[in-house]
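[1] take this sequence and fold it.
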Amino acid sequence: MKDIDIEYWIGRMKDGDSSAFQVIYEWSFPEIYRSVAFLMTEKNEIEDVINEIYFQLWRSIDNYDANRPFRFWMHGIALKQIQKWRTKSWRRFRIFEKKRLLEVEEHMFSDHKVLKAETHQEMLTIVHQLSYKLCTVIILRYYHEYTFDEIAELLDIPVGTVKSRHHAALGKLRKISPNFESAKEQELYVH
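    As a prediction, this is how the structure comes out:
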């Protein structure tokens, strides 16, 4: 950042002078942009984060403490906005990943709604060899078509526990029945 009388421009900006904001923007932009570019993984979202940084600057200029370096304060705003972006990005990734997994699951089970009575009974016999906790998750998931969230609510346990039990149950089912394969999982999905 080149030297300017930043205190003067901050004072004018606090008084509502938009040309002062422009001066501060042009003065700080190269360094802030470099910082953001170094810290962001998604290069196509840098501009959005930069816009948010300068929006926050405009909104919070009255909170600036003149006893601290302005440059330090600006970097604080930048880092907070980058962290917000990372949090949003991670949530978005997790939502899309869950959606993708649910779509794969729906596709995997959508073609086999009805089975022959013998296969159905055979699967029930195998499932009933599981512990009560694991059996409950399998029954609720495949026979009643509840989502993991719904099962968690029904059993009053965390969703992570439901998923863990689901995973453990499928692993045990594969061990119980030598013929149990991924295709057999599809056969569990019956009414």
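
[2] domain ranges for this protein?
    6-94, 112-187 (automatic domain parsing).

[3] make JSON lines out of those and add mean pLDDT.
    Output for the domains of the chain, formatted as JSON lines (pLDDT from 0 to 100):
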{"stretch": "domain 6-94", "mean pLDDT": "85"}
{"stretch": "domain 112-187", "mean pLDDT": "75"}
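
[4] got JSON lines for these, with mean neighbour count too?
    Bear in mind the C-beta positions are built from the backbone N, C-alpha and C, glycine included. As requested, the domains of the chain are arranged in JSON lines below (neighbours: other CB atoms under 10 Å):
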{"stretch": "domain 6-94", "mean neighbour count": "14"}
{"stretch": "domain 112-187", "mean neighbour count": "15"}
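
[5] now do the residue nearest to Tyr33 when sequence neighbours are not counted against Trp27, distance only.
    Setting aside the residues directly before and after it, Tyr33 is nearest to Ile50 in space (CB to CB, 6 or more residues apart in numbering), at 6.3 Å. Ile50 sits 14 Å away from Trp27, going by CB to CB, to the nearest Å.

[6] now Lys133
    Where Trp27 is concerned, Lys133 sits at a distance of 62 Å (CB to CB).

[7] same thing with Asn51?
    Counting by CB to CB, the gap from Asn51 to Trp27 is 17 Å.

[8] could you do Thr87 as well?
    As judged by CB to CB, Thr87 and Trp27 stand 29 Å apart.
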